[in-house]
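Colleague: pasting a predicted model and its sequence here:
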Amino acid sequence: MRRLVIGLADTFRRIRTALFAEPDHALVRARVASERLVASVRLGVIVFVVVLEFLLYLAGKNSAFSPLLASLPLAYGALLFLLPRHSSAPWIPWLVSATDVSLASLVIAAYPIYGFPLAALNNRVLFDSYFVASSPDDW
């Protein structure tokens, strides 16, 4: 029994050492650069979609467009664009990934609520966004 306790204590010590080891500084610099790149691409996609929806609204083909609701994704994208420039905390990529996956899940869950259950099942665009959102920037 004592050997098992020593083995568990040694295992926990090794795990703690591995988790809290000093990171490689080249990887830290690369992570910051990749966070900025991903944030730039995310903001660009959000701006593209909002502008497209706004143009459809002006043409009279999208009566559901709301400037207030359109400002929410723009604010989210701007926040995630500015966040890596002001902070380099290691938990930021994980929080951003969890938020992105949650938002993609909410969008997919909204399809059946609004009467499009097949769009929720066969949505290749949002399904692929899970892979992008679930890979933190520092991998």
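Modeller: That came through fine.

Colleague: how about the secondary structure of Phe65?
Modeller: coil (DSSP: H, G, I helix; E, B strand; the rest coil).

Colleague: count the neighbours of it for me.
Modeller: Phe65 has 15 neighbours, counted by other C-beta atoms under 10 Å. In this view, the C-beta of every residue, glycine as well, is placed from N, C-alpha and C.

Colleague: for it, give me its contacts.
Modeller: Glu53, Phe54, Leu56, Tyr57 (C-beta atoms under 8 Å, 6 or more residues apart in numbering).

Colleague: packing partners for the longest helix seen in the chain?
Modeller: For the chain, the helix with the greatest residue count under DSSP state H is helix 25-58. With contacts taken as 3 or more C-beta pairs under 8 Å, 6 or more residues apart in numbering; DSSP states H and E, helix 25-58 sits against helix 67-86, helix 92-113.

Colleague: and the residue lying closest to Tyr76 once chain neighbours are set aside, what's its pLDDT?
Modeller: Leaving aside its sequence neighbours, Tyr76 sits nearest to Ile46 (C-beta to C-beta, 6 or more residues apart in numbering; 7.4 Å). pLDDT recorded at Ile46 is 88.

Colleague: and the gap between Ile46 and Val38?
Modeller: For Ile46, the distance to Val38 (C-beta to C-beta, to the nearest Å) stands at 12 Å.

Colleague: tell me where the model's unsure across the protein.
Modeller: For the chain, the stretches with pLDDT under 70 are 1-6, 21-32, 126, 129-139.

Colleague: picking that back up, show me which of the contacts of Phe65 is closest to Leu106.
Modeller: Here the nearest of the contacts of Phe65 to Leu106, counting by C-beta to C-beta, is Glu53; it sits at 17.7 Å.

Colleague: skipping adjacent residues, who's closest to the closest one in space?
Modeller: Phe65 (5.4 Å).

Colleague: okay, the helices and strands packed on helix 25-58 in JSON lines with mean neighbour count and distance to Ala33 next?
Modeller: Output for these, formatted as JSON lines (neighbours: other C-beta atoms under 10 Å; distance: least, C-beta to C-beta, whole Å):
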{"stretch": "helix 67-86", "mean neighbour count": "14", "distance to Ala33": "9"}
{"stretch": "helix 92-113", "mean neighbour count": "15", "distance to Ala33": "12"}
